[in-house]
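S.K.: My questions concern the predicted model and sequence given below.
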Amino acid sequence: MTETSNYQQHTAPDVLPADHPEVAQGKVGILLVNLGTPDGTDYRSMRRYLSQFLSDRRVIELPRLLWQPLLQAVILSRRPQRSGEAYEKIWNHEQNESPLRTITRRQAEEIAQCFTGNEETAPEVLVDWAMRYGTPSIEDRFMHLNESGCRRILVFPLYPQYSAATTASACDTVYRTMMRLRWQPSLRTAPPYHDEPAYIAALGASIREHLAQRSQWPERILVSFHGLPRENLDKGDPYHCHCQKTARLLSSYMSEHLGNDCPPLQIVFQSRFGPKEWLQPYADVTTADLARQGTKRLAIISPGFAADCVETLEELNIGLRETFLENGGEDFTYIPCLNDSQAHIDMLTGLLRRELAGWI
Ligand SMILES: C=CC1=C(C)c2cc3[nH]c(cc4nc(cc5[nH]c(cc1n2)c(C)c5CCC(=O)O)C(CCC(=O)O)=C4C)c(C)c3C=C
Ligand SMILES: [Fe+2]
Ligand SMILES: [Fe+2]
């Protein structure tokens, strides 16, 4: 008897009495989780989204009594309008949703295909996706997997670099959801993958392919990560180290493949929020300085985002481009996120298979 049929034998439901509620079981679930997104660009949708996001104690680590009045009365009176305008510039009007939601759904669909129609994959693997803020929620999709008979669930936060503000917050929500269940599924959460060779290779290949289509090479490549308050690093968050390691490995990969032709790579941090110091060097300051000091051709990649979103499409490809050109730069090129490229789907499927070892 093969291992697969043994497994099925042990997980097949017993013969149930006629009045017993139906029990769905025996499947494995994968839940991909990304950050979140508003349902629309209007003031109310933006306010609802930002209120949920910025009320998360993993994101803003201030005492509730101090933060909530400031958030509700000051920040949420102006920011929804401003952020809504940014989302409007990059909104997917065809499907009336943000690019992050469109791309995350496609990623899940394509990964699901890799796990179906494959005789070797037993038991059945269900792939779903969720957002930490907004919809579809983690609670909703996790419960759906559970009710569909997934007795084993792998949660995969789509954040290559771990931070408490992102990865831990997504996992917290899963654990809170588990607390509501009498019969909990077995749970695994995937580790960060900032230094996985397959991830670095996929990023490196995407840079090479992008630059190969251009007539002239950039003088420099900025490797931009979403920022974090500087004090989070001092409190022990590994995010900064993970970003540095990704950038270092990517730089080595590029030098190995391009030798002396490789433009230098430089790490920067984008998307500052609030008055505190955030991780440095800042993307906007560095870009303006480079342009003023004579850099004419600049490329930028943002490896911390598994999918293009407002932070890349608006802040970098529109906002940072303007900063560069206004300060004397001439050629700015944005290298898209790995999104649902075949290389990305293959890389993610490889990591998922590894994390599912013993389950499939
Ligand atoms: C990839 C890692 C991310 C980290 C780390 C992160 C930390 C972080 N973010 C904010 C505040 C905002 N972020 C916003 C958007 C946003 N952030 C990430 C990822 C990380 N955030 C993504 C993928 C997105 C885009 C979502 C989309 O729908 O496209 C926003 C909303 C947009 C805006 O108003 O500017 C805010 C606000 C903080 C405070 C923080 C760490 C403490
Ligand atoms: Fe963010
Ligand atoms: Fe931003």
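M.R.: On my side now, so go ahead. Ligands and ions are numbered 1, 2, ... in the order given.

S.K.: Can you tell me, leaving aside adjacent residues, what's nearest to the residue of the stretch 51-200 of the chain found nearest ligand 1?
M.R.: Proximity of the stretch 51-200 of the chain to ligand 1 (C-beta to the nearest ligand atom) peaks at Ser83, 3.4 Å away. C-beta here means a position set from N, CA and C on the backbone, and glycine is covered the same way. Spatial nearest neighbour of Ser83, chain neighbours left out: Met46 (5.5 Å); criterion: C-beta to C-beta, 6 or more residues apart in numbering.

S.K.: and the one you found, what does it touch?
M.R.: Residues in contact with Met46 (C-beta atoms under 8 Å, 6 or more residues apart in numbering) are 38, 40, 79-81, 83-84, 87.

S.K.: still on that earlier bit, off-centre distance for the helix or strand hosting the residue of the stretch 51-200 of the chain closest to ligand 1?
M.R.: Using DSSP states H and E, Ser83 sits in helix 76-90. Taking C-alpha atoms, centre = their mean, to the nearest Å, one finds helix 76-90 lying 21 Å from the centre of the chain it belongs to.

S.K.: From the contact counts, what lies against the next helix or strand after that helix?
M.R.: Scanning the chain past helix 76-90 towards its C-terminal end, the next helix or strand to appear is helix 99-115 (assignment: DSSP H and E). Here helix 99-115 touches strand 27-37, strand 125-134, helix 342-355, going by 3 or more C-beta pairs under 8 Å, 6 or more residues apart in numbering; DSSP states H and E.

S.K.: And the ones you listed: which comes nearest ligand 3?
M.R.: strand 27-37 (11.7 Å; C-beta to the ion).

S.K.: And for the residue of the stretch 51-200 of the chain found nearest ligand 3, nearest residue in space, chain neighbours not counted?
M.R.: Scanning the stretch 51-200 of the chain for the residue nearest ligand 3 gives Ala86, at 7.2 Å (criterion: C-beta to the ion). Spatial nearest neighbour of Ala86, chain neighbours left out: Glu314 (4.6 Å); criterion: C-beta to C-beta, 6+ apart.

S.K.: How about the secondary structure of the one you found?
M.R.: helix (DSSP: H, G, I helix; E, B strand; the rest coil).

S.K.: what does the helix or strand that contains Leu65 contact?
M.R.: If you go by DSSP H and E, Leu65 is part of helix 64-70. For helix 64-70, the surrounding residues in contact (C-beta under 8 Å, 6+ apart) are 55, 57, 60.

S.K.: between these, which has the most around it?
M.R.: Ile60 (20 neighbours; other C-beta atoms under 10 Å).

S.K.: Assign it to helix, strand or coil.
M.R.: Quick answer, by three-state DSSP: Ile60 is coil.

S.K.: Tell me who's in contact with it.
M.R.: 54, 67, 71.

S.K.: Name the spans of the stretch 1-150 of the chain whose pLDDT lies under the cut-off.
M.R.: When residues are selected by pLDDT under 70, those of the stretch 1-150 of the chain lie in 1-15, 117-122.

S.K.: Contact residues of it facing ligand 1?
M.R.: For the stretch 1-150 of the chain, the contact set with ligand 1 under C-beta under 6 Å from any ligand atom comprises 35, 37, 53, 59, 79, 83, 98, 100.

S.K.: Export these to a markdown table and append columns for neighbour count and distance to Pro263.
M.R.: Formatted as a markdown table, those follow (neighbours: other C-beta atoms under 10 Å; distance: C-beta to C-beta, whole Å):
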| residue | neighbour count | distance to Pro263 |
| --- | --- | --- |
| Leu35 | 25 | 30 |
| Thr37 | 23 | 33 |
| Phe53 | 18 | 35 |
| Val59 | 19 | 34 |
| Arg79 | 17 | 36 |
| Ser83 | 19 | 33 |
| Ser98 | 27 | 32 |
| Leu100 | 28 | 29 |
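
S.K.: sorry, back to before: where neighbours are concerned, which of the contacts of Met46 has the most?
M.R.: Highest count within those by other C-beta under 10 Å belongs to Pro38, 27 neighbours.

S.K.: Was I right to think it contacts Thr135?
M.R.: No - using C-beta atoms under 8 Å, Pro38 is not in contact with Thr135, being 9.6 Å away.

S.K.: And Leu54, how far from Arg230?
M.R.: 19 Å (C-beta to C-beta, to the nearest Å).

S.K.: Quick one: list the elements packing against the one helix or strand Arg152 maps to.
M.R.: Using DSSP H and E, Arg152 maps to strand 150-157. Where contact means 3+ C-beta pairs under 8 Å, 6+ apart, strand 150-157 is packed against strand 27-37, helix 138-147, helix 169-178, strand 186-189, helix 342-355.

S.K.: Can I get these in JSON lines including distance to ligand 3?
M.R.: JSON lines is the format used below for those (distance: least, C-beta to the ion, whole Å):
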{"stretch": "strand 27-37", "distance to ligand 3": "12"}
{"stretch": "helix 138-147", "distance to ligand 3": "22"}
{"stretch": "helix 169-178", "distance to ligand 3": "18"}
{"stretch": "strand 186-189", "distance to ligand 3": "27"}
{"stretch": "helix 342-355", "distance to ligand 3": "22"}
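
S.K.: Out of the ones you listed, the one nearest Pro218 is which?
M.R.: helix 342-355 (21.2 Å; C-beta to C-beta).
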